[in-house]
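*Asks:* sharing a model prediction with you, sequence too.
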Amino acid sequence: MAAFFLQKKQSTHITAYYFYLHLPNHLLFLYLQGQINLITMKIFRKILWLFLVLVMALPLLNSCKKGDGDPMFSLYSRKARLTNDWKVSSLKQTLKYNRTTITTTFDGSKKTVETYVPDTVVYTATDTLYEYRKFVSAKGSLLYSFDKSATYQIDEAFTDDTTGIQYTSQETGIWYFTGGGRDSDTKNKELLGLQTTKYVYNPLNPDTYTITYTGQSNMNIFHIYKLASNEVVLKYDVEETVNLFKVITSMEMTLKPR
């Protein structure tokens with residue numbers, strides 16, 4: 001059977017060659033020109049088809065990208081990318097209250113808290129200072145877990161570098177995507193809401209105390225700057241009034257898979 005096909009194929013080539021030899025030059029030119037046009041049309045149709053596919057796919061690519069740092073395209077949904085066990089690799093938070101500025105930084109293993117108050121007279125044993133600065137540092141970890149059932153958990157454990165005292169905390173609650181809407185400048189699912197239901201301080205120590213929240217009494221809304229399977233970047237900016245003083249809090253946090 002294989003020999004038959006080989007012979008048939010060779011015979012076909014011989015016939016085509018014989019056909020070309022016996023065509024007049026002008027007819028041979030027209031025939032070859034037609035074959036070239038046919039091949040060109042096939043290539044053009046393929047290019048046009050790929051172009052149409054790309055045009056139709058552009059809205060899907062844009063729908064995957066919500067935050068400025070989001071990937072252009074992902075095979076996973078936003079929920080699938082978020083639901084994971086994460087560790088905080090970097091964090092910077094600034095809180096301004098009255099004339100006090102509290103800056104917290106965390107590099108994944110060490111946390112530093114600086115309290116700064118300008119134009120304040122501070123008397124020491126050797127000098128008089130006109131500003132107040134205090135630094136506190138601790139080593140530890142900050143962990144986030146987002147479950148598919150829309151619950152989250154935050155575990156914090158640090159040991160003070162000066163006193164050696166260890167303190168821990170655990171926060172649990174409900175998470176959800178939000179954003180978009182007619183009067184909003186955000187896209188759908190560009191924001192992440194964390195509604196706390198329970199906060200436990202020092203759960204491993206005797207001096208444990210627990211706070212339970214009901215309703216929407218304690219809620220934080222984060223802007224999702226980047227949501228990828230290997231990295232999440234959250235930003236938080238809020239301004240509120242406490243005891244007639246304005247409190248401004250800004251924070252940026254990067255999460256990496258554990």
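*Replies:* Arrived safely.
*Asks:* quick check: residue 213 vs residue 38, distance?
*Replies:* Distance, residue 213 to residue 38, using CB to CB, to the nearest Å: 73 Å. All C-beta spots, glycine's among them, are computed from the backbone N, C-alpha and C.
*Asks:* any weak-confidence spans in the stretch 101-250 of the chain?
*Replies:* In the predicted model of the stretch 101-250 of the chain, residues 122, 124-125, 203-204, 216-217 satisfy pLDDT under 70.
*Asks:* mind doing that once more with 80?
*Replies:* 119-130, 181-184, 203-207, 215-217, 243 (pLDDT under 80).
*Asks:* which ones are touching the residue positioned nearest the centre of the chain?
*Replies:* Closest to where the C-alpha atoms of the chain average out (CA atoms, centre = their mean) is residue 227, at 1.8 Å. By CB atoms under 8 Å, 6 or more residues apart in numbering, the residues touching residue 227 are 66, 67, 70, 78, 81, 82.
*Asks:* which members of the residues you listed occur in helices, if any?
*Replies:* 78, 81, 82 (DSSP state H).
*Asks:* top of the residues you listed by neighbour count?
*Replies:* residue 82 (23 neighbours; other CB atoms under 10 Å).
*Asks:* can you tell me how far it is from residue 188?
*Replies:* Counting by CB to CB - residue 82 and residue 188 are separated by 15 Å.
*Asks:* same question, residue 43
*Replies:* Using CB to CB, one gets 40 Å for the distance from residue 43 to residue 188.
*Asks:* what about the two, which has more around it?
*Replies:* Legend: neighbour count by other CB under 10 Å for residue 43 and residue 188, higher for residue 188 (14 against 10).
*Asks:* the strands in this structure, which residues?
*Replies:* Here the chain has its strands, by DSSP state E, at 85-97, 100-106, 110-123, 128-146, 151-160, 166-178, 191-201, 209-212, 219-227, 232-242, 245-257.
*Asks:* alright, calling it a day.
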